[in-house]
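Visitor: build me a structure from this.
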Amino acid sequence: MSGKSPPENPESQNIAAKYHMFRKKMLLASLMVRDIIVWYKIHTSAYFEFWCRNVRLIDSVDGGKNQEETTCQLFQ
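Guide: Numbering: from 1, shown residues only. Take a look at the predicted model:
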């Protein structure tokens, strides 16, 4: 009887386990993002192509088609 833990203990352990998993996932996500950024910096042409594609998407939403072409030509 004296060796048993209080009844609210499993709940706090569960929260701690969930927090630990959350931290693990956040670390994994940050490492993945860092690896992607490094890969794009190494492959600069791919990096600028990706950036250019994003600019095109933003501009197509805005409707500024002339701006998109000039921005992309700078990097190609």
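Visitor: got the buried residues for stretch 11-27?
Guide: Using 16 or more other C-beta atoms under 10 Å as the test for burial, stretch 11-27 gives no buried residues. Quick note: C-beta positions are derived from backbone N, CA and C, even for glycine.
Visitor: alpha carbons only: can I get it in CSV?
Guide: Output in CSV follows, covering the C-alpha atoms of stretch 11-27 (Å, rounded to 0.1, in the frame of the first residue of the first chain):
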residue,chain,number,x,y,z
GLU,A,11,-2.4,11.6,-15.7
SER,A,12,0.7,13.7,-15.1
GLN,A,13,2.9,11.0,-16.7
ASN,A,14,0.6,11.0,-19.7
ILE,A,15,0.9,14.8,-20.1
ALA,A,16,4.7,14.5,-19.7
ALA,A,17,4.8,11.8,-22.4
LYS,A,18,2.7,13.9,-24.7
TYR,A,19,4.9,16.9,-24.2
HIS,A,20,8.0,14.8,-24.8
MET,A,21,6.6,13.5,-28.1
PHE,A,22,5.7,17.1,-29.1
ARG,A,23,9.2,18.3,-28.4
LYS,A,24,10.6,15.3,-30.4
LYS,A,25,8.3,16.2,-33.4
MET,A,26,9.3,19.9,-33.2
LEU,A,27,13.0,19.0,-33.2
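Visitor: list the contacts of that stretch.
Guide: Contacts to stretch 11-27, defined as C-beta atoms under 8 Å, 6 or more residues apart in numbering, come from no residue at all.
Visitor: tell me the mean pLDDT for that stretch?
Guide: The pLDDT scores in stretch 11-27 average 89.
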